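Chemist: pasting the sequence and the predicted model now:
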Amino acid sequence: MKFKGFFAMLAFALNCDALSLRGIKQSFEKQATETEVNPGGTAVMDCKVINKGGSCVWQKDRRLIGIYPGKYEWSGDPEQGDCSLKVLSARADLDDGLWECQVTASTFDSVDYLNSEPARLIVRAPPSSVEIYYNSSKDSAAIVTVNSETKNRIKCISEEGNPPPSLLWFLGNQQIDSAYDQSDDPLDGLSKGWRSILELDYTFRKDDNGKMLRCVANHEALSEKTLEAKAMLNVQYVPTISISQAPDDIEEANDSVFVTCVADANPPATIIWRKLGSPEIVSIQDKLEFIQINRTNSGTYTCEAKNELGASEVIQVEITVKYPPNDVKIEGVTNAPVTGVVGGSVRLECRADSVPKPHFSWFRKTDGQKEAILIGEKAGMGEYLVLNNVSYRDQGEYFCEASNKIKGNIRKARSKPAILRLSGPPEIGPRFSERTITVELGKDTTIHVEFCAEPAPHHLWRMGSTVITEGNGKFTPLALVPTRRPSCYEAKLAIQRVELEDAGTYEFHVDNSRGSAHATISLRVAEPVPLTAVVAVITGCLVFLILITLCLLYAFRSDRWCFRVKDELKSSADLLDNGKLNGHMKNGYVSASSSQSSVKSKASDLRYSDLQLPKSSNNGSMRSKADQVAHGLPSVTAIPSPKPEIIHITNGSISNLKDKVDV
């Protein structure tokens, strides 16, 4: 081990000599910066050197610090240039201060001595106290009394925190900003602590009365990271009052009236009642009482509250006896119309003198209506009628009606009409703004557009880029015709003998000093249908109906024919099955007895076409056999069909029916 240390020192010396010979100087790679540590904790002060050739030493507050295991130790390997120092079990009295890393010169004659910038090691210490001060002294009762609507300066002072804590103001749970920066001053002695002050310059409101004012100190050395001081706010303010209204249903000599005036004040206020027009005080109680009220008690009463900071506003209450509405009028209405602007708002106010307070209804009579109609609840029920985004359609006469109830009877009175007239840019009726019309070729037509405008408008018609003017024999712009609604007109363009080239888009333009509008009309020209084409279509339809009728008749007749033949064959088969024919075998045939005349007659009536049998190979000719000639009757022999059977009819008898006849 001794040899190993020797060789290491030798290598270090040789390295230093080599560096010195090459002229390479040592320098700092990393220096210590301000570092914080809790008491008893560990802190590392960085110091790393490039091309280190000298020896590392540390000093605190200009005093050399040695290496003491368990207290001050190397954090890295100084031989490799890492001279960082580890401070263990930090104490404020020993370790808090300015630390410097120094490196001696590489050789005795070198000038590369290194000395780092001082870096503060802060051993944290929690603040011992946080207090709130007002008017240059601590409020011992933890209550801060301030005036509303004025600036109040309050201080928060923290003692012995290291580093200084961060101070914040809160009103309840809401943080409030201070108008000043926090000031921090070091304390005398060995505590290494600071005195921190944060001032608050704030205007409190009456709503802040009773809230908690808090100063919170934030510090990492605190167990819960915060320490705070609290003070209850006692905000004093000038009185404000609210007053209850008199009852709606007051009848002279039968009712008593109680009106209350409530004051909100700190400190408490005194209530003063007066009757308007008289300097005398009626009452100093919060409740104004009238027992068996009479007409002489009618009038306007005022309530006022006062405290040492000032007086409240004066509030009035009206008390009168009942009477029906009279002098009903719309405020500001004279013989002249009420004017407004299209797209704006119009506000009408109805006034009436009555007790109880009247109920107002609004009526409107537009031009062309015989009777005024009640405006719905949402539009205007109350003393105010507000029309928003008005248009020319809102013009007309407006009335207000006041009503109240006296002893169960409704009394009404109506105002004079207020005539509403509007001005604004042209407004074209919705159904005229864009539409298509069709005109038959060669016919005369008139395109018309309805619009409203005030002041007087100017208008023109245009087809494409061509302006249609008067004097054109085909197109005639007619003069504007006023409609029943005020400020509204109908514009017409007459077109004579419409031709195919007249089809297209026509534009109507109208403008006045307030704006402009236009409408687009598409004209379609329909050619009349030729008479020959109409006759051809009708003839074709008739022929089609006749063919359908013939087909149906043919199908119906064919179905009835088939069913008749089948019924006849079935009847003959039934006769054989029931044993109604008495015959005997002779030469392979069955001959009917003379007693079966009915059967003979039936057989003699059968024809070839009725049986619907296939024709024979001799082109359908059926010759009688010898026995048929003997009987003197025609005979029919059936050629084998898909269902093999032979039927012989001889002398009116049916013989040799091999199988059952299908029906």
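Modeler: Ah, there it is.
Chemist: hey, let's count contacts and neighbours off CA atoms from now on
Modeler: OK.
Chemist: helices of this protein, start to end?
Modeler: Using DSSP state H, the helices of the chain run over 2-22, 92-95, 377-380, 531-577, 597-605, 608-611, 626-631.
Chemist: so for the fourth one, mean pLDDT?
Modeler: Okay, so that is helix 531-577. The pLDDT scores in helix 531-577 average 70.
Chemist: same question, the first one
Modeler: Throughout helix 2-22, pLDDT has a mean value of 43.
Chemist: buried residues in the top strand by length along the chain?
Modeler: Assignment by DSSP state E gives strand 226-243 as the longest strand of the chain. Buried residues in strand 226-243, counted by 16 or more other Cα atoms under 10 Å: 226-241, 243.
Chemist: ditto for stretch 399-413
Modeler: Result for stretch 399-413 [16+ other Cα under 10 Å]: buried residues 399-406, 412-413.
Chemist: which one of those residues is nearest to residue 34?
Modeler: residue 400 (81.5 Å; Cα to Cα).
Chemist: hmm, back to that, check pLDDT for the buried residues of stretch 399-413 and point me to the minimum.
Modeler: Where pLDDT dips furthest among the buried residues of stretch 399-413: residue 406, at 78.
Chemist: ok, back up a step: what helices and strands are in contact with the longest strand of the chain?
Modeler: Secondary-structure packing of strand 226-243 (3 or more Cα pairs under 8 Å, 6 or more residues apart in numbering; DSSP states H and E): strand 129-134, strand 143-147, strand 212-218, strand 257-266, strand 299-307, strand 310-311, strand 315-319.
Chemist: mind listing what it pairs with, with the direction of each?
Modeler: strand 143-147 (parallel), strand 212-218 (antiparallel), strand 257-266 (antiparallel) (DSSP bridges).
Chemist: tell me what angle the shortest one forms with strand 129-134.
Modeler: Same thing as strand 143-147. 30 degrees (axes from the mean of the first three to the mean of the last three Cα atoms, to 10 degrees).
Chemist: and the contacts of strand 143-147?
Modeler: 134, 152, 204, 231-237 (Cα atoms under 8 Å, 6 or more residues apart in numbering).
Chemist: adding distance to residue 27 and pLDDT, write those residues out as CSV.
Modeler: Converted to CSV, the contacts of strand 143-147 look like this (distance: Cα to Cα, whole Å; pLDDT from 0 to 100):
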residue, distance to residue 27, pLDDT
134, 55, 84
152, 56, 87
204, 59, 92
231, 56, 91
232, 60, 92
233, 60, 93
234, 64, 92
235, 64, 94
236, 67, 94
237, 69, 94
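Chemist: so can I have TSV of those showing distance to residue 103?
Modeler: Output for the contacts of strand 143-147, formatted as TSV (distance: Cα to Cα, whole Å):
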residue	distance to residue 103
134	54
152	56
204	60
231	55
232	59
233	60
234	63
235	64
236	67
237	69
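Chemist: now do the contacts for the residue nearest to residue 460 when sequence neighbours are not counted.
Modeler: Nearest residue to residue 460, sequence neighbours excluded (Cα to Cα, 6 or more residues apart in numbering): residue 509, at 5.4 Å. Counting by Cα under 8 Å, 6+ apart, residue 509 makes contact with 459-462, 516-519.
Chemist: separation between residue 509 and residue 475?
Modeler: Going from residue 509 to residue 475 by Cα to Cα, to the nearest Å gives 16 Å.
Chemist: repeat for residue 101
Modeler: Counting by Cα to Cα, the gap from residue 101 to residue 475 is 106 Å.
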